[in-house]
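Trainee: next input, structure requested:
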Amino acid sequence: MALFRRDSAAPVHSNVSAGPSGEPGGGTRIASGAKIEGKITGAVDLVIDGEVVGEIAVPAVVVVGGEGRVTGPISARIVRVAGKVVGDLRGAERVEIAATANLEGDIAAPRVTIAEGAFFKGRVEMKENPQSSTTRARDGRPATPPEGPRNG
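Mentor: Numbers count the residues shown, from 1 in each chain. Purely as a prediction, here's the structure:
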């Protein structure tokens, strides 16, 4: 078995179906037992089963697996946590916290799911994606600005 061999038939992680290119296994995996310190950036999905100390900023999917540990902020399109995170989470689309998760930090995303049984200490701010051009009301319809003069 080659150390860096890619087997396109094997998915990187069961929770990540495809990378931004649409190909299975199109992401990066930090294996259990590995420890990385520093800032992680890139444009591919990231699965963390090891330990990361530092900032993670990717415009893709970040999954912190059940064995994964992250100390630092995570910013991604979608953030899924099943392991332990000490740091703030920012999801452009959504943040999902599994029942096995242990999260100490604030969450900011348009959609947030926290499963029953998860440990969570922090605040949740659910706001529309800042890249979205249309503001929506609570019922999902486009919000209309109030009528009348503007004070400015």
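
Trainee: for the rest of this, base every contact and every neighbour count on C-alpha atoms.
Mentor: Will do.

Trainee: pLDDT weak spots in this structure?
Mentor: 1-26, 129-152 (pLDDT under 70).

Trainee: could you redo the last one with a cut-off of 90?
Mentor: Low-confidence segments of the chain, defined by pLDDT under 90: 1-27, 127-152.

Trainee: buried ones in stretch 73-81, by neighbour count?
Mentor: By 16 or more other CA atoms under 10 Å, the buried positions in stretch 73-81 come out as 73-81.

Trainee: and for stretch 28-41?
Mentor: Residues of stretch 28-41 classed as buried by neighbour count (16+ other CA under 10 Å): 28-30.

Trainee: reformat the residues you listed as a markdown table; add secondary structure.
Mentor: Output for those, formatted as a markdown table (DSSP: H, G, I helix; E, B strand; the rest coil):
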| residue | secondary structure |
| --- | --- |
| Thr28 | strand |
| Arg29 | strand |
| Ile30 | strand |
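
Trainee: identify the bridge partners of Ile78.
Mentor: Counting by DSSP bridges, Ile78 is bridged to Val61, Arg94.
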